[in-house]
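>>> Could you look at this predicted model? Sequence included:
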Amino acid sequence: MREKIVVGMSGGVDSSVAAWLLKEQGYEVMGVTMQIWQEETENALEENGGCCGLQAVEDARRVAQQLEIPYYVMNFRKDFQKSVIDYFTAEYLAGRTPNPCIACNRYVKWEALLRRSLEIGADGIATGHYAQVRRLENGRYAVCRSVTAAKDQTYALYSLTQEQLARTLMPVGAYGKEEIRRIAARMGLRTADKPDSQEICFVPDKDYAGFIQRTTGKPSREGNFIRADGTVLGRHKGIIHYTVGQRRGLGLAMGRRVVVTEIRPETNEVVIGEMEDVWTDGLLAEKLNFMAIPDLKGEREAVARIRYNHRGSPCTLRRTGADQIRVIFHEPVRAVTPGQAVVFYDGDLVLGGGTIVR
């Protein structure tokens, strides 16, 4: 009997080709688009859609018809609200900078979708991520980099569990982006030239502060810009408008470039410093998840990425608590941001990662 795989189809070229590749490899493929935040009416069209809007549903449906595979739309809005939107707003209100795509991957695109897929008799799920799943000699599963560094998406996948990885396929990770587009064009798929989605899907206008205020009903409280010593420099619009490392949109006439170095939610203050103040040689991470190794004991050398577009910096990992790691960089890095993920690599393999505390 052929393995049955549910492919998460976002309406983009990558997931479209993932479905075609798996069908070609002999899997029994079913396409599913996750309805996670958009309304079910035609009032929210593609400009409010990103990777999961109503036009995405239509594109995925038509690709499924072309591939002659079953296709369904599944409602995961409650899961998305709890695990992504509520988390996103709470982190900003607490003065941290969240990464909603990582939360969505872990708790919605994998946990919720995999659970539903197994319930309907599937053996696993597949996505169009530019990464690869590898079973290691130690028996563990790990995500490893795709063949194209320009599209590598492993950073946003570090929190997946062993159970999830064991039932996951990522077929496009073995190809470059242009190869994927050529395959789509050769097969006549309608998504072949569709541009990639760049923004956070549920905040397409990038007005995070406005979204948080509308969602929570809490107004953004003004407060003081201060120096680290407490000297008041001016007034800010509310801490949800700022993130560590931010240089633009501060509205401070300082006569030189300055940067946000810290956000203090308990006093509603935003600390301003010089450019050199956001460079550091270490960070503390918690909420750890390990992949290629079962755990970290003592110290280990690795390469750490502190944001999605960070190339990675050599470091020493040091276990400092039951759910805590100190990362010591060999050379200073810029703008370590509480709330963001730090992901550890050994070559192309993801060792694990965690959430930056400070």
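Received it, and whenever you're ready, just let me know what you need.

>>> Okay, and K287 sits in which element?
Using DSSP states H and E, K287 sits within strand 279-290.

>>> what about Y155, how many neighbours?
Per other Cβ atoms under 10 Å, the neighbour tally for Y155 reads 26. Glycine gets a C-beta too; all of them are placed from N, C-alpha and C.

>>> whoops, I mixed them up, A322
Burial of A322 is recorded as 7 neighbouring residues (other Cβ under 10 Å).

>>> ok, now A90?
13.

>>> Same check on I69?
As a burial measure, I69 scores 19 neighbours (other Cβ under 10 Å).

>>> where exactly do the helices run in the stretch 1-150 of the chain?
Taking DSSP state H, counting those that start in this stretch, the helices of the stretch 1-150 of the chain run over residues 13-24, 54-67, 77-80, 86-93, 100-104, 113-119.

>>> and E269, which of these is closest to it?
Of all the helices of the stretch 1-150 of the chain, helix 86-93 sits nearest to E269, with 14.6 Å by Cβ to Cβ.

>>> for the record, mean pLDDT for that closest one?
The pLDDT scores in helix 86-93 average 94.

>>> Would you mind pulling the contact partners of that helix?
By Cβ atoms under 8 Å, 6 or more residues apart in numbering, the residues outside helix 86-93 that reach it are 97-98, 100, 103, 208-209, 211-212, 215-216, 218, 239-240, 265, 339.

>>> Next, the buried residues of the strand holding K287.
L283, L284, A285, L288, N289, F290 (16 or more other Cβ atoms under 10 Å).

>>> After that strand, which helix or strand is next?
The C-terminal neighbour of strand 279-290 among helices and strands, as given by DSSP H and E, is strand 299-305.

>>> Can you check what angle separates the next helix or strand after that next one from strand 299-305?
Later in the chain than strand 299-305, the nearest helix or strand by DSSP H and E is strand 313-321. Angle, strand 313-321 to strand 299-305, by axes from the mean of the first three to the mean of the last three Cα atoms, to 10 degrees: 130 degrees.

>>> who does the next helix or strand after strand 313-321 touch, helix- and strand-wise?
Downstream of strand 313-321, the next assigned helix or strand under DSSP H and E is strand 324-334. Packed against strand 324-334 by the contact rule (3 or more Cβ pairs under 8 Å, 6 or more residues apart in numbering; DSSP states H and E) you find strand 279-290, strand 313-321.

>>> Cool, thanks, signing off.
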